[in-house]
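In: Here's my sequence, what's the structure:
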Amino acid sequence: MRQAGSYSGIVRTGPHSLPLARIKKIMKSSSDEVKMISGEAPIVFSKACELFIEEITKRSWMMTVQAKRRTLHKDDVATAVMATDIFDFLVNLVSQKNPAKVEDDSEIIET
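Out: Have a look, this model is predicted:
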(Lines give C-alpha, C1' and ligand atoms only; values in the text may rest on other atoms or scores of the structure.)
Protein backbone atom coordinates (compact mmCIF):
# COMPACT_ATOMS: atom_id res chain seq x y z
CA MET A 1 0.00 0.00 0.00
CA ARG A 2 1.27 3.50 -0.79
CA GLN A 3 2.17 5.84 2.01
CA ALA A 4 0.50 9.21 2.26
CA GLY A 5 2.63 11.84 0.58
CA SER A 6 4.46 9.52 -1.77
CA TYR A 7 4.04 8.93 -5.47
CA SER A 8 6.06 6.48 -7.53
CA GLY A 9 8.51 6.09 -4.68
CA ILE A 10 9.23 9.83 -4.49
CA VAL A 11 8.35 11.34 -1.13
CA ARG A 12 6.80 14.79 -1.42
CA THR A 13 7.77 17.56 0.96
CA GLY A 14 5.27 20.21 1.88
CA PRO A 15 1.49 20.36 1.50
CA HIS A 16 1.43 20.00 -2.30
CA SER A 17 0.95 16.60 -3.88
CA LEU A 18 1.56 17.39 -7.54
CA PRO A 19 5.15 17.42 -8.83
CA LEU A 20 6.33 21.03 -8.83
CA ALA A 21 9.11 20.41 -11.34
CA ARG A 22 6.54 19.09 -13.84
CA ILE A 23 4.27 22.09 -13.27
CA LYS A 24 7.20 24.43 -13.80
CA LYS A 25 8.13 22.61 -17.03
CA ILE A 26 4.56 22.97 -18.34
CA MET A 27 4.53 26.65 -17.40
CA LYS A 28 7.78 27.28 -19.29
CA SER A 29 6.62 25.33 -22.35
CA SER A 30 3.38 27.34 -22.60
CA SER A 31 5.12 30.37 -24.10
CA ASP A 32 8.49 31.33 -25.51
CA GLU A 33 8.30 34.55 -23.50
CA VAL A 34 8.29 32.81 -20.11
CA LYS A 35 11.92 32.66 -19.00
CA MET A 36 11.85 32.90 -15.21
CA ILE A 37 9.29 31.53 -12.75
CA SER A 38 9.36 32.34 -9.06
CA GLY A 39 9.44 29.51 -6.54
CA GLU A 40 5.95 30.31 -5.26
CA ALA A 41 4.18 30.24 -8.65
CA PRO A 42 4.30 26.43 -9.16
CA ILE A 43 3.03 25.96 -5.59
CA VAL A 44 0.01 28.16 -6.33
CA PHE A 45 -0.63 26.31 -9.60
CA SER A 46 -0.30 22.98 -7.78
CA LYS A 47 -2.97 23.97 -5.27
CA ALA A 48 -5.22 25.31 -8.05
CA CYS A 49 -4.88 22.00 -9.93
CA GLU A 50 -5.71 20.03 -6.79
CA LEU A 51 -8.84 22.12 -6.21
CA PHE A 52 -9.87 21.76 -9.86
CA ILE A 53 -9.43 17.97 -9.77
CA GLU A 54 -11.34 17.77 -6.49
CA GLU A 55 -14.26 19.82 -7.83
CA ILE A 56 -14.60 17.98 -11.14
CA THR A 57 -14.32 14.64 -9.34
CA LYS A 58 -17.10 15.55 -6.89
CA ARG A 59 -19.40 16.64 -9.71
CA SER A 60 -18.55 13.54 -11.76
CA TRP A 61 -19.21 11.32 -8.75
CA MET A 62 -22.68 12.89 -8.40
CA MET A 63 -23.37 11.73 -11.98
CA THR A 64 -22.16 8.23 -11.08
CA VAL A 65 -24.49 8.10 -8.07
CA GLN A 66 -27.42 9.33 -10.16
CA ALA A 67 -26.76 6.47 -12.57
CA LYS A 68 -26.78 4.08 -9.58
CA ARG A 69 -23.23 2.91 -10.18
CA ARG A 70 -20.17 2.69 -7.99
CA THR A 71 -17.52 3.20 -10.67
CA LEU A 72 -16.82 6.62 -12.14
CA HIS A 73 -16.67 6.50 -15.94
CA LYS A 74 -15.43 8.89 -18.63
CA ASP A 75 -19.05 9.63 -19.51
CA ASP A 76 -19.70 10.80 -15.94
CA VAL A 77 -16.90 13.34 -16.28
CA ALA A 78 -18.27 14.47 -19.66
CA THR A 79 -21.78 14.83 -18.25
CA ALA A 80 -20.50 16.81 -15.25
CA VAL A 81 -18.52 19.12 -17.54
CA MET A 82 -21.50 19.75 -19.81
CA ALA A 83 -23.84 20.33 -16.85
CA THR A 84 -21.59 22.88 -15.12
CA ASP A 85 -21.13 26.40 -16.47
CA ILE A 86 -17.69 26.88 -14.94
CA PHE A 87 -16.38 23.95 -16.99
CA ASP A 88 -17.56 25.34 -20.33
CA PHE A 89 -13.95 25.63 -21.50
CA LEU A 90 -13.78 21.80 -21.47
CA VAL A 91 -16.98 21.10 -23.42
CA ASN A 92 -15.22 20.74 -26.79
CA LEU A 93 -12.71 18.35 -25.27
CA VAL A 94 -15.23 15.98 -23.67
CA SER A 95 -17.85 16.14 -26.42
CA GLN A 96 -15.55 14.67 -29.09
CA LYS A 97 -16.47 11.17 -30.22
CA ASN A 98 -12.82 10.13 -30.50
CA PRO A 99 -10.75 10.91 -27.41
CA ALA A 100 -8.07 13.54 -27.85
CA LYS A 101 -4.47 12.37 -27.92
CA VAL A 102 -1.90 14.37 -25.99
CA GLU A 103 1.36 14.15 -27.86
CA ASP A 104 3.82 16.19 -25.81
CA ASP A 105 1.68 17.51 -22.94
CA SER A 106 1.43 20.92 -24.61
CA GLU A 107 -0.79 20.25 -27.62
CA ILE A 108 -4.07 18.46 -28.05
CA ILE A 109 -4.35 16.84 -31.43
CA GLU A 110 -7.70 15.87 -32.87
CA THR A 111 -7.94 12.26 -34.00
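
In: so where is this protein shaky, pLDDT-wise?
Out: 1-16, 97-111 (pLDDT under 70).

In: and with 90 instead?
Out: 1-18, 28, 30-36, 39, 95-111 (pLDDT under 90).

In: how about S17, secondary structure?
Out: coil (DSSP: H, G, I helix; E, B strand; the rest coil).

In: So which residue of the protein lies furthest out from the middle?
Out: No residue in the chain sits farther from the centre than K68, which is 25.2 Å out by CA atoms, centre = their mean.

In: Can you tell me the element it falls in?
Out: Following DSSP states H and E, one finds K68 outside all helices and strands.

In: Could you point out the helix or strand that follows the biggest helix by length in the chain?
Out: Ranked by number of residues, the top helix in the chain under DSSP state H is helix 40-66. Where DSSP H and E defines the elements, the next helix or strand beyond helix 40-66 is helix 74-83.
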